[in-house]
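S.K.: Below is the sequence, then the predicted model.
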Amino acid sequence: MRNLRKVYPGSPEVVALADASIDIEDNEFFTLLGPSGCGKTTLLRMIAGFEHPTSGTLTMHGKDLANLPPYQRPVNTVFQSYALFPHMTVAQNIGFGLEMLGKPKAEIKQTVGEMMELVKMSQMADRQTGQISGGQQQRVALARALAPRPRVLLLDEPLSALDFKLRKDMQLELKRLQMETGITFIFVTHDQEEALTMSDRIAVMSAGTIRQIGGPRDIYDHPAERFVADFIGDTNFVPAEVAASKGTDADVTLSSGKVIAARMPEGEAMQGKVTLAVRPEHASICPEAEALLPGTLSEIVYFGTDTHYHVALDDGTGFVVRRQNRPDEISGFSTGDRIGVQFAPGVGQVLRD
Ligand SMILES: Nc1ncnc2c1ncn2[C@@H]1O[C@H](COP(=O)(O)OP(=O)(O)OP(=O)(O)O)[C@@H](O)[C@H]1O
């Protein structure tokens, strides 16, 4: 995608996508992640051919897609509502697209068999899809979209109708399917955890623009700007001042006067007052004497797997430290104690505002 822009007419007109440029690799699990209304579905619909870009270009395997109608594009879509035919069987639903394409009967039978195997629905081949569970319907919808073997599969929040446990299982399932079929998946979600667990790369979007593109670890550990840090996971925002910087390495001075190494966003040398992002699990609490940032322990919240320590820092800001619970270990700190916060050099990420 090069400088893709989509404006819906009306008064006022809606700029659904301001300017998006993305290169998606073959066989990649690529996720468009962002809050409701940021333009994810619009982008997906333009790839599918259901919407025309206002400007910009869309190329697939070297071919300009501009004048190709949806049915001639080597893509298929799985929608949020699975749109299955409830009175048709699992096998008939999966074979439907192939029949529309006029494929020979024997070939349809073989492909449907393979697809049912792939999504583990062979046992239910003759069941009507109105009589299977939500998770099973999801599998059938996937198999139906995969059956014509598209080069690219577009998935628009396909897991949002499933309950928590099933969603977790299907996340792993989808990743497996993508790896086994080698098809490029372009997946839309507003769920950051879903994006982090499944994707090879993620594009984080906000208000019609791409804010950052990178691997899950990259985006989580090194968010380039405040929006990304805030949208994905929990973050402490720490006031600091740049003392020195070279490339992506920087030394910053904290409110306590202590200096620590931090990371600059790619391609941007920021100066003066900045904000550092520090993930709660990347920091620890410590006795006041060893602190990077001293303060008072204001609250301890137990979550089973981990405990959150809320620290009221002396500079007036708050800081949360997340620590994994172990049966053989207690922190030894109590609410009201004078303590401090520590984090290792290079952990803090300088943010663009
Ligand atoms: N057909 C349309 N006509 C006018 N405005 C539209 C149309 N479709 C979408 N929009 C607007 O364009 C913007 C982007 O919508 P889009 O559906 O792409 O967002 P999204 O990120 O997919 O949101 P969600 O997660 O809620 O589905 C929104 O402000 C939306 O209201």
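M.R.: Yep, that arrived. Here the structure is a predicted model, which means the values were calculated and not measured. Numbering: from 1, shown residues only.
S.K.: which one is A224 nearest to, not counting chain neighbours?
M.R.: Among residues not flanking A224 along the chain, P265 sits closest, at 4.1 Å (Cβ to Cβ, 6 or more residues apart in numbering). Just so you know, the C-beta spots here come from the backbone N, C-alpha and C atoms, and that holds for glycine as well.
S.K.: what's that neighbour in contact with, if anything?
M.R.: 222, 224-225, 248, 349-352 (Cβ atoms under 8 Å, 6 or more residues apart in numbering).
S.K.: Please list the residues of the stretch 101-250 of the chain that sit near the ligand.
M.R.: H190 (Cβ under 6 Å from any ligand atom).
S.K.: show me where the stretch 101-250 of the chain has strands.
M.R.: Taking DSSP state E, counting those that start in this stretch, the strands of the stretch 101-250 of the chain run over residues 152-156, 184-189, 201-206, 209-214, 236-246, 249-254.
S.K.: just checking, what packs against the first one?
M.R.: Contacting strand 152-156 under the criterion 3 or more Cβ pairs under 8 Å, 6 or more residues apart in numbering; DSSP states H and E are the following elements: helix 40-48, strand 75-78, strand 184-189.
S.K.: Any idea which of these has the lowest pLDDT on average?
M.R.: The weakest mean pLDDT among the helices and strands packed on strand 152-156 belongs to strand 75-78, with a mean of 89.
S.K.: what's it packed up against?
M.R.: helix 40-48, helix 134-146, strand 152-156.
S.K.: Tell me the buried residues in the second one?
M.R.: Burial within helix 134-146, assessed by neighbour count using 16 or more other Cβ atoms under 10 Å, is assigned to 135-146.
S.K.: coming back round to it: include distance to D126 and mean neighbour count when you put the helices and strands packed on strand 152-156 into JSON lines, please.
M.R.: Below are the helices and strands packed on strand 152-156 laid out as JSON lines (distance: least, Cβ to Cβ, whole Å; neighbours: other Cβ atoms under 10 Å):
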{"stretch": "helix 40-48", "distance to D126": "31", "mean neighbour count": "22"}
{"stretch": "strand 75-78", "distance to D126": "23", "mean neighbour count": "22"}
{"stretch": "strand 184-189", "distance to D126": "29", "mean neighbour count": "23"}
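S.K.: in the stretch 151-300 of the chain, which spans are helices?
M.R.: All helices of the stretch 151-300 of the chain, identified by DSSP state H, counting those that start in this stretch, fall at 164-181, 192-198, 216-221, 226-231.
S.K.: so who does the closest residue to F237 other than its chain neighbours touch?
M.R.: In space, and not counting its chain neighbours, F237 is closest to T275: 5.1 Å by Cβ to Cβ, 6+ apart. Counting by Cβ under 8 Å, 6+ apart, T275 touches 226, 237-240, 350-351, 353.
S.K.: Can I get the residues you listed in JSON lines including neighbour count, distance to Q131 and pLDDT?
M.R.: Output for the contacts of T275, formatted as JSON lines (neighbours: other Cβ atoms under 10 Å; distance: Cβ to Cβ, whole Å; pLDDT from 0 to 100):
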{"residue": "R226", "neighbour count": "16", "distance to Q131": "49", "pLDDT": "93"}
{"residue": "F237", "neighbour count": "16", "distance to Q131": "51", "pLDDT": "96"}
{"residue": "V238", "neighbour count": "26", "distance to Q131": "55", "pLDDT": "96"}
{"residue": "P239", "neighbour count": "15", "distance to Q131": "59", "pLDDT": "96"}
{"residue": "A240", "neighbour count": "21", "distance to Q131": "59", "pLDDT": "96"}
{"residue": "V350", "neighbour count": "24", "distance to Q131": "56", "pLDDT": "95"}
{"residue": "L351", "neighbour count": "23", "distance to Q131": "51", "pLDDT": "94"}
{"residue": "D353", "neighbour count": "8", "distance to Q131": "54", "pLDDT": "74"}
